[in-house]
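S.K.: turn this into a model:
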Amino acid sequence: RGIYDHIGYGFSRYSTDRRWLAPHFEKMLYDNALIMYLYTEAYIVTKDELYKNIALQISDYILRDMTSSQGGFYSAEDADSEGEEGRFYLWDMVEIFEILGEKDGKYFCDIYGASKKGNFEGRNILNLIENDRFKEINKDIKIKLLREKLYNYREKRVKPFKDDKILTSWNGLMIAAMAYTGRIFNDKKLLKASASAADFIINNIRRKDGRLLARYREGDAGYEGYLEDYSYFIWGLMELYQGIYDESYLRTAVSLTDDMIKLFYDKEEGGFFHYGTDGEKLIARPKELYDGALPSGNSVASMVLLKLFLIIGKIEYEEIASEMFDYFGGKVEEYPAGYAYFLSAFIMYSAGNTKIVLIHDRKSENVEEIVNVINSKFLPDAVIILKSQEDDEYKMIDGKATIYVCIGKSCSKPLTDLNEFKKFLLKI
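M.R.: Just a heads-up that it's a prediction; the model follows:
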């Protein structure tokens, strides 16, 4: 579609027509984070390479154009350049022929729907709307080389303004997307980028007393963080932990979760307020739940509470999530479609939580292979825990890497055979 930048990658904010040809050309960090996560999930379910390609292309765009030298992710790129909306992204057919030559130019224009007449104010938005071969395009080496030529040419144009604020909440979403995509595709570059962004926020957008702040720009961090800053960033830290199994990120997630409860949770009625107890004293303290272009802070909070409960076993987290489902239940029942992410958390809560625990030591030979098997299956409601030490609940069998799969309060027998584990996963 035209909403996707086929030359430089990344999605625009929204489409202005029913065909999804003409976008509002602004690119937002949060849109690309959520879409990148979604395409990775779609790949796991379908094993369709198109979805993998798009997820990785989005990551290329973010790392190339939207990542600061310190590791944080920038907020957005404007739609306008040189006073004209979309100018940076539009093409004349003659211009394409001049860059690629007549033969290659015609080949490219036929694929991407470009014509002399144009499809947007006399110029062309590159798209695959009428191309039945759209799933095969990324396999075409020639097309890849032609896109690179056009990208290099486009880089000489005046670029849209970049909003270089680093927002804690939106960074949390991209940290989650980078970590998740890096884990599923075993891409160390993405996992490293996720960790760098998380480190940047921890070291630069968190006060010495631990209070998370909302934004950073040019050395200045400010504004006490809102619920979304906490819940989104905790989500990112949890995805990062499950990508590289560095427990320092898990500990930070737990610390921030405890702070989130102290600052935002309504202990009398339930649900989280948008503003913290240390924020400006207003007439009313709203509780936002609607899941629109972004999931609400309450929705994400309910999900991270449930998953952290599974990982560390702190019963308070599950109890608060349960109270949230009771408190917001009536509102959700009136219009369920408006609370999709909150309902996802409720489904996880009501259907039985899944926990996969892998116990290993340095001598264990097939840990990476086991992790790859786990990552190949769509497990949206599961948490994966790696333990390098035994405890009273989980022990290694015969010195081998040992797997426990727990659903609700019931755990499987210890599994050490990889094929047996694969068969067990098919039942989940």
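
S.K.: state the distance from Ser364 to Leu386.
M.R.: Distance of Ser364 to Leu386, given as C-beta to C-beta, to the nearest Å: 11 Å. C-beta coordinates here come from the backbone N, C-alpha and C atoms, glycine included.

S.K.: what strand or helix carries Asn131?
M.R.: Using DSSP states H and E, Asn131 is not contained in any helix or strand.

S.K.: what about the nearest residue to it once chain neighbours are set aside, distance to Leu379?
M.R.: Of all residues not flanking Asn131 in the chain, Ile111 sits nearest, at 6.0 Å (C-beta to C-beta, 6 or more residues apart in numbering). Going from Ile111 to Leu379 by C-beta to C-beta gives 37 Å.

S.K.: these two: who's more crowded?
M.R.: Ranked by neighbour count (other C-beta atoms under 10 Å), Ile111 and Leu379 place Ile111 first, with 20 against 15.

S.K.: any idea how far the host helix or strand of that one is from the chain center?
M.R.: Using DSSP H and E, Ile111 falls within helix 102-112. Here the centre of helix 102-112 is set off from its chain's centre by 34 Å, with C-alpha atoms, centre = their mean, to the nearest Å.

S.K.: who does the next helix or strand after that helix touch, helix- and strand-wise?
M.R.: Sequence-wise, the next helix or strand downstream of helix 102-112 (DSSP H and E) is helix 141-154. Judged by 3 or more C-beta pairs under 8 Å, 6 or more residues apart in numbering; DSSP states H and E, helix 141-154 is in contact with helix 93-100, helix 102-112.

S.K.: tell me what angle helix 141-154 forms with helix 93-100.
M.R.: Put simply, helix 141-154 runs at 110 degrees to helix 93-100, going by axes from the mean of the first three to the mean of the last three C-alpha atoms, to 10 degrees.

S.K.: in helix 141-154, what's buried?
M.R.: Neighbour-count burial for helix 141-154 flags Ile143, Leu146, Arg147, Lys149, Leu150, Tyr153, Arg154 (criterion: 16 or more other C-beta atoms under 10 Å).

S.K.: for the protein, longest helix please?
M.R.: The longest helix of the chain (DSSP state H) is helix 315-334.

S.K.: who does that helix touch, helix- and strand-wise?
M.R.: Here helix 315-334 touches helix 247-264, helix 297-312, helix 340-351, going by 3+ C-beta pairs under 8 Å, 6+ apart.

S.K.: nearest to Val357, out of these?
M.R.: helix 297-312 (9.7 Å; C-beta to C-beta).

S.K.: and the angle for that closest one with helix 340-351?
M.R.: Orientation of helix 297-312 against helix 340-351 (the same axes, to 10 degrees) gives an angle of 30 degrees.

S.K.: specify the angle between helix 297-312 and helix 315-334 in degrees.
M.R.: 150 degrees.

S.K.: what mean pLDDT would you report for helix 297-312?
M.R.: Averaging pLDDT along helix 297-312 gives 97.

S.K.: next, the angle helix 247-264 makes with it.
M.R.: Interaxial angle of helix 297-312 relative to helix 247-264 (the same axes, to 10 degrees): 140 degrees.

S.K.: contact partners of the lowest-mean-pLDDT helix or strand in the chain?
M.R.: Least confident helix or strand, the chain: strand 410-411 with a mean of 86, by mean pLDDT, DSSP states H and E. Taking contacts as C-beta atoms under 8 Å, 6 or more residues apart in numbering, the residues outside strand 410-411 that touch it are Tyr404, Val405.

S.K.: any idea how far Ser302 is from Gly329?
M.R.: Gly329 sits 12 Å away from Ser302, going by C-beta to C-beta.

S.K.: more neighbours: which of those two?
M.R.: Shown here are Gly329 and Ser302; by other C-beta under 10 Å, Ser302 has more neighbours (31 against 11).

S.K.: list the contacts of that one.
M.R.: Ala321, Met324, Phe325, Phe342, Ala345, Phe346, Tyr349 are the contacts of Ser302 under C-beta under 8 Å, 6+ apart.

S.K.: how does it look with 6 Å?
M.R.: Ser302 makes contact with Ala321, Met324, Ala345 under the criterion C-beta atoms under 6 Å, 6 or more residues apart in numbering.

S.K.: with adjacent residues omitted, what lies nearest to the second one?
M.R.: Spatially, and ignoring its direct neighbours in sequence, Met324 is nearest to Ser302 (5.1 Å; C-beta to C-beta, 6+ apart).

S.K.: and what of Pro336?
M.R.: Residue nearest to Pro336 in three dimensions, not counting chain neighbours: Leu343, with 6.3 Å by C-beta to C-beta, 6+ apart.

S.K.: pLDDT at the one you found, what is it?
M.R.: 97.

S.K.: next one: Phe328
M.R.: Looking at Phe328, the pLDDT reads 97.

S.K.: spell out the secondary structure type for the closest residue to it other than its chain neighbours.
M.R.: Spatially, and ignoring its direct neighbours in sequence, Phe328 is nearest to Leu289 (5.5 Å; C-beta to C-beta, 6+ apart). Following DSSP: H, G, I helix; E, B strand; the rest coil, Leu289 is assigned to coil.

S.K.: ok, now which ones touch Leu289?
M.R.: Ser296, Asn298, Phe328.

S.K.: could you rerun that using 10 Å?
M.R.: Neighbouring residues of Leu289 by C-beta atoms under 10 Å, 6 or more residues apart in numbering: 271-272, 295-299, 302, 324, 327-328, 331-332, 338-339, 341-342.

S.K.: now which of those would you call buried?
M.R.: The neighbour count (16+ other C-beta under 10 Å) marks 271-272, 295-299, 302, 324, 327-328, 332, 339, 341-342 as buried among those.

S.K.: just to revisit the earlier point, can you put the contacts of Ser302 in CSV and add distance to Leu418?
M.R.: Formatted as CSV, the contacts of Ser302 follow (distance: C-beta to C-beta, whole Å):
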residue, distance to Leu418
Ala321, 34
Met324, 38
Ala345, 32
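
S.K.: ok, so of those, who is nearest His24?
M.R.: Of all these, His24 sits closest to Ala345, with 30.6 Å by C-beta to C-beta.

S.K.: quick check: that closest one vs Phe325, distance?
M.R.: Computed as C-beta to C-beta, the Ala345 to Phe325 distance reads 8 Å.

S.K.: those two - which one has more neighbours?
M.R.: Higher neighbour count among Ala345 and Phe325: Ala345, with 25 against 17, using other C-beta under 10 Å.

S.K.: name the element the spatially most central residue of the chain belongs to?
M.R.: Closest residue to the average C-alpha location of the chain: Ala177 at 2.5 Å, with C-alpha atoms, centre = their mean. Assigned by DSSP H and E, Ala177 belongs to helix 168-184.
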